Structures are given as C-alpha cells and as structure tokens.
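Engineer: mind looking at a prediction? Sequence and model below.
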Amino acid sequence: MAHLLPVKRDVPLTRLRPRPYIEAWGPDDTRMKPLLAGTGAAAEGPEGGRSACPAGRAAAAIEHHAADIAAAGFRKDGAADIAAAGFRKDGAADIAAAGFRKDGAADIAAAGFRKDGAADIAAARAVLATEAAALTALANGLDSSLVRALDRIGGANRLVVSGMGKSGHVARKIAATFASTGTPSLFVHPAEASHGDLGMITPADAVLALSNSGETPELADLVDYTRRFAIPLIAITGRAESTLARAADVTLVLADAPEACPMGLAPTTSTTQMLALGDALAVALLARKGFTAADFRLFHPGGRLGRRLLRVRDLMHAGAEVPLAPAATPMHAAILAMTAGRFGCLGLVAEDGTLAGIITDGDLRRAMAPDLLTRSAAEVMTPTPRTIGADALAAEALRTMNDRRITALFVTEAGRPVGILHVHDLLRAGVA
C-alpha cells in the first residue's frame, strides 16, 4: 500500500498544500516514487535533491495518494475501515454479522434454546428418561450373579473397590456406602496399586472392579494380583465378553443402553448404572446382616443425620435432676419442688415406685382456688401422663411433644421414672 501522508484532521485530502511534504522529501528521494508513479511527473529535480517540486506534480501526487486512501475505503475518523469490515461504531453490525442480536435472542436461538428454558428442560428430561430406562432394564436383568457377589463380599474381611476415570469416582462412592452400612470397605486407585498400593489388599479381602469397557489397562496389575493370591474378584462391566469379565469370579453386566449425551460418548448412563448397582449390593447386604438404625448411627455420629438418630437416653436428665415427689405431697411443697426442678412440671410417684401422674403449670392454673395449698398433689395431678422409653429416638420424642403440645416428657422403664427430656434439650442437640 502507498505511504500515508502526514495530514491535518478534518481537512479534505484534495485541499492539502503539497509544500510541507515536498520540503521534507526531495523529488529524487526514493520515497517519492510511489506518489509520483502514474502521475506523469518526472523524478528529476534541481541538483541537490532538496528543491521544491512543481506544484502541479505535487498536487497530482497527493490527489493520487488520496485516491489510494479512498480506494482502500478508509476515512480519517476510522468510520470507513469499520464500515469496510462490515461493522458500525455502536457494535450493531458486528453483532449482526455474527448472527447475534444485542438482547442475546439470536445466540440462544442459534443454540437451539428458548428464553423460557423449554429446550434445556426437554434435554434434561431426555437424559433422565434414558437413564431411568437403563436402570429398569438393569433391575429386570438381575440374576443369581448378584447373590454370588453378595456371598463373596459378605464372607470377606473387607471390600476393596477400584476403577479408573469416571468409574473410579463411582467406585469411591460405592466404597463409602459399604463402609457406612456395616461392611468395611476402601477405595484403591488402580494406577497407585501398581506402585505399591497392592500391599493394602490381603487374601482375606474381596475386590470389586468397575470398568464399562472391561478393558481398562490400569486394572491389569490389580486383576493379576487377585488371581495370583486367590482373592475373590467381582466385576461390574458393560461387556460380558471383556477381559475383566472373563477374569472375574463373578460378573455383573450392565444393561445395554446408550449413553445419555447427544454424542453417545460421555459416561452418563453407564456410570449411573454402576452407582445404582453398587447401592443395590450395599443395601441388599445391609438387609442380609440385619443392620439397624442404631447400627447406622454408630457410623454417622456427626451431621444432621447423626442428630436425628440420637436416642432419648443420650439427651435426657437423670438422677437428682429429675423432679419427683410422692403423690401424697402437699401442694405447697409440690410447688416448691416444681420451681426447683426448672422443667415446669413435677412427676408424682406411687408407693410402688411407678409414675402415678404429673403436675404442670397448666394444672396449677386450672386448680387455682383458695384451698389449693391445702390439697395434696394427687388431687391436682394429671394421671397416667404421656411418657417415652430411654431407647426411643430423640426424633420420636420431638414428634410426641409436637403432637401433644407439651414441652417435657418423663422417661420410664417398666413404668418407673428414670429421666426427663425437655424440648430445649432437643433444640440444643439440633434434633428440632
């Protein structure tokens, strides 16, 4: 492209005077040639090369140069070059050229989505439908292989779960589920197993290996190790004729279903089946062992789940803290005992040591009369009050309090009061 002239802003090129340019460059200067070419002007000049060029030739050169600029479609303010590229200063043209509108409607439309999210909801539903259908097929295809897998897992000292990539992530979760439901379990990374972690696996263990293809090379050393030391090997795979399936003692084959992604490549349906099958194994073994909620709490002491599994005996007040008095106690003494107990109630004990009744603040208000202090506690009490056992869940105690609209429960064993539980105890423990 020809050289651009040093020009002033806002002045048409055809009105520029040539003198500053010509004084800067002589006519013999090689930099003049592109400007003089095609104008009929000769490159000769006075000796020395610094004298002025005839005005006509300079004007013609500048006019020619202006034409170059015009031919290139550029203006001084940059508007023409933007226009030549198909863009406007406000950015509307470049957005339009890319097929997008400023409000983003076009790019959403181009991606096949509507603003109300109908398209992406439909896509999500299609994924869930695909995976649900696969799980149904998996459940329908279960056979005695599942029972044999449970036999080997239940008879082992521990369950070692392994897998690579997405299968490895699923394997970690399966190991955690088994461990939390009474079956000692751990995850061993197949690549790390080849570098020393095989030592974590003993002949008394069982191994559960996950691989959709059944040809994961990183599992080779682990599989060889189980064969060498006669360690039970259970495989979860999508191919019944794979290397892993042929090497395993028990093979659980996934349902033949497509992956849920549009390309059919991302592990989606296959990993969902693996995860569900791992849960099925863990829960079936849990039921076989007779694992209870109390056992479950032993492995879940923390978090909301652990709090919900707390027992009444874990939270109740016992011993001297329990507000008790004989049923024959005069009311003036009963009121003092209630105040000292700080639970807003008083348990009244019969001669045989069983809980005969209870006096609450409500009972006092209902019995308010001039002769109240001369009466016995047995005359004012509510007989056969609602109680709860020490081994009941704290959540059950909370439900009872809510249903009965009360704030405290006496804890009894064989009818005898052994403690008291207040709603504040449940709140502090995070049960409520």
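Structural biologist: It's in.

Engineer: now do the contacts for T243.
Structural biologist: T243 makes contact with 214-215, according to C-beta atoms under 8 Å, 6 or more residues apart in numbering. No exception for glycine: its C-beta is placed from N, CA and C like everyone else's.

Engineer: against L219, how distant is it?
Structural biologist: Distance, T243 to L219, by C-beta to C-beta, to the nearest Å: 9 Å.

Engineer: what do you get for V423?
Structural biologist: 54 Å.

Engineer: so those two - more neighbours on which side?
Structural biologist: Neighbours were counted for V423 and for L219 using other C-beta atoms under 10 Å; L219 has more, 26 against 17.

Engineer: run through the stretch 251-400 of the chain and note the low-pLDDT ranges.
Structural biologist: Applying pLDDT under 70 to the stretch 251-400 of the chain picks out residues 294, 297-298, 300-308.

Engineer: where do the strands of it begin and end?
Structural biologist: 324-326, 345-349, 355-360, 382-383, 387-388 (DSSP state E, counting those that start in this stretch).

Engineer: what pairs with the third one, parallel or antiparallel?
Structural biologist: The one in question is strand 355-360. Its sheet considered, strand 355-360 pairs with strand 345-349 (antiparallel), strand 382-383 (antiparallel) by DSSP bridges.

Engineer: who touches the longest one?
Structural biologist: Strand 345-349 is touched from outside by 322-327, 329, 334, 337-338, 355-361, 377-378, 381, 385, 408, 410, 417, 420, with contacts defined as C-beta under 8 Å, 6+ apart.

Engineer: are any of those buried, and which?
Structural biologist: Buried members of the contacts of strand 345-349, counted by 16 or more other C-beta atoms under 10 Å: 322-325, 327, 329, 334, 337-338, 355-360, 377-378, 381, 385, 408, 410, 417, 420.

Engineer: give me the nearest residue to K289, chain neighbours excluded.
Structural biologist: Closest residue in space to K289, ignoring its immediate chain neighbours: G182 at 5.9 Å, by C-beta to C-beta, 6 or more residues apart in numbering.

Engineer: that neighbour contacts F291, correct?
Structural biologist: Yes: with contact defined as C-beta atoms under 8 Å, G182 reaches F291; the gap is 4.8 Å.

Engineer: those strands in the stretch 101-250 of the chain, which residues are they?
Structural biologist: 159-163, 185-187, 206-211, 233-237, 250-253.

Engineer: quick one: distance of the shortest one to the chain centre.
Structural biologist: Between the centre of strand 185-187 and the centre of its chain there are 22 Å (C-alpha atoms, centre = their mean, to the nearest Å).

Engineer: let me see the mean pLDDT of that strand.
Structural biologist: If you average the pLDDT over strand 185-187, you get 97.

Engineer: which other helices and strands contact it?
Structural biologist: strand 159-163, helix 166-180 (3 or more C-beta pairs under 8 Å, 6 or more residues apart in numbering; DSSP states H and E).

Engineer: dump the ones you listed into a markdown table; add mean pLDDT, mean neighbour count and distance to L150 as well.
Structural biologist: Listed next are the helices and strands packed on strand 185-187 as a markdown table, based on pLDDT from 0 to 100; neighbours: other C-beta atoms under 10 Å; distance: least, C-beta to C-beta, whole Å:
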| stretch | mean pLDDT | mean neighbour count | distance to L150 |
| --- | --- | --- | --- |
| strand 159-163 | 97 | 28 | 11 |
| helix 166-180 | 96 | 20 | 11 |
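
Engineer: can you pull the contacts of the nearest residue to R227 once chain neighbours are set aside?
Structural biologist: Leaving aside its sequence neighbours, R227 sits nearest to A247 (C-beta to C-beta, 6+ apart; 6.6 Å). Residues in contact with A247 (C-beta under 8 Å, 6+ apart) are 223, 227, 233, 235.

Engineer: which pLDDT value goes with A247?
Structural biologist: 97.

Engineer: how near is it to F229?
Structural biologist: The value you get for A247 to F229, if C-beta to C-beta is used, is 14 Å.

Engineer: do H169 as well
Structural biologist: 27 Å.

Engineer: can you check S162 too?
Structural biologist: According to C-beta to C-beta, S162 and F229 sit 15 Å apart.

Engineer: if we can go back for a sec, count of residues packed around the residue nearest to K289?
Structural biologist: Around G182 there are 18 residues (other C-beta under 10 Å).

Engineer: ok, it to H189 distance?
Structural biologist: Counting by C-beta to C-beta, the gap from G182 to H189 is 24 Å.

Engineer: with T374 instead?
Structural biologist: 79 Å.

Engineer: in terms of neighbours, single out the busier of the two.
Structural biologist: A side-by-side neighbour count of T374 and H189, using other C-beta under 10 Å, places H189 first with 17 against 11.
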